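A.B. asks: Just need the structure, nothing else, for what follows:
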Amino acid sequence: MLRDYGEERYALQIARAIVRARRTEPLIATNQLVAVIKSAVPVPAQFAGGHPARRTFQALRIAVNDELTQLDEALPAAWELLRPGGRFAAVSFHSLEDRRVKRFLAGRARGCVCPPEIPICVCGREPEAELLTRRAVAPTPGEIAANPRSKSAHLRAARRLEEHG
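C.D. replies: Purely as a prediction, here's the structure:
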């Protein structure tokens with residue numbers, strides 16, 4: 001879970017440290033968990049890339065709230081509510097979310113899916129969307145200074161195309 005949802009480099013060491021710590025006493029406070037995580041992460045890594053427990057807490061939150069499944073269900077539902085010509089925007093705060101949003105919008109913007117060896121399209125698939133952002137739009141340094149929590153935000157947007165008969 002720590003590796004998959006938190007993309008934690010030291011997932012195995014942290015998991016083992018948590019199991020060891022729970023053998024002596026239950027972890028009932030977040031500061032106890034933070035101390036265990038810090039003890040498992042090498043000292044140089046504790047000062048690189050933010051707080052050493054950030055990814056572990058992210059993984060726990062994603063798992064408990066089933067966030068990725070919720071996102072996978074919400075994206076198509078939101079798209080279906082959008083009228084032709086309407087604009088769809090999604091803000092993601094970590095790479096797991098951003099990857100799903102990117103693939104969802106790219107799938108909507110993709111036309112023919114026939115194999116390249118077939119010279120004429122037989123699938124008849126038409127693109128449903130036009131991507132409005134070639135890449136994810138990140139906040140500017142000024143925006144981050146005004147709102148530090150926006151640092152990890154990425155915006156992707158698309159316009160729903162007119163439906164073809």
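A.B. asks: so where's this protein uncertain?
C.D. replies: 44, 46-47, 49, 164-165 (pLDDT under 70).
A.B. asks: Swap in 80 and give it another go.
C.D. replies: Applying pLDDT under 80 to the chain flags the ranges 43-50, 163-165.
A.B. asks: Quick test: name the residue nearest the centre of it.
C.D. replies: Central residue of the chain (C-alpha atoms, centre = their mean): Glu97, 1.7 Å from the mean position.
A.B. asks: For it, which three-state class applies?
C.D. replies: Per DSSP: H, G, I helix; E, B strand; the rest coil, the local secondary structure of Glu97 is helix.
A.B. asks: residues in contact with the residue nearest to it when sequence neighbours are not counted?
C.D. replies: Excluding its sequence neighbours, the residue lying closest to Glu97 (C-beta to C-beta, 6 or more residues apart in numbering) is Leu71, at 6.1 Å. Just so you know, the C-beta spots here come from the backbone N, C-alpha and C atoms, and that holds for glycine as well. Shown in contact with Leu71 (C-beta atoms under 8 Å, 6 or more residues apart in numbering): 97, 100-101.
A.B. asks: and if you look at Glu130?
C.D. replies: 109, 158-159, 161.
A.B. asks: Tell me the one of the residues you listed nearest Glu25?
C.D. replies: Nearest to Glu25, judged by C-beta to C-beta, of the contacts of Glu130 is Ala158 at 50.7 Å.
A.B. asks: how close does the closest one sit to Arg103?
C.D. replies: 12 Å (C-beta to C-beta, to the nearest Å).
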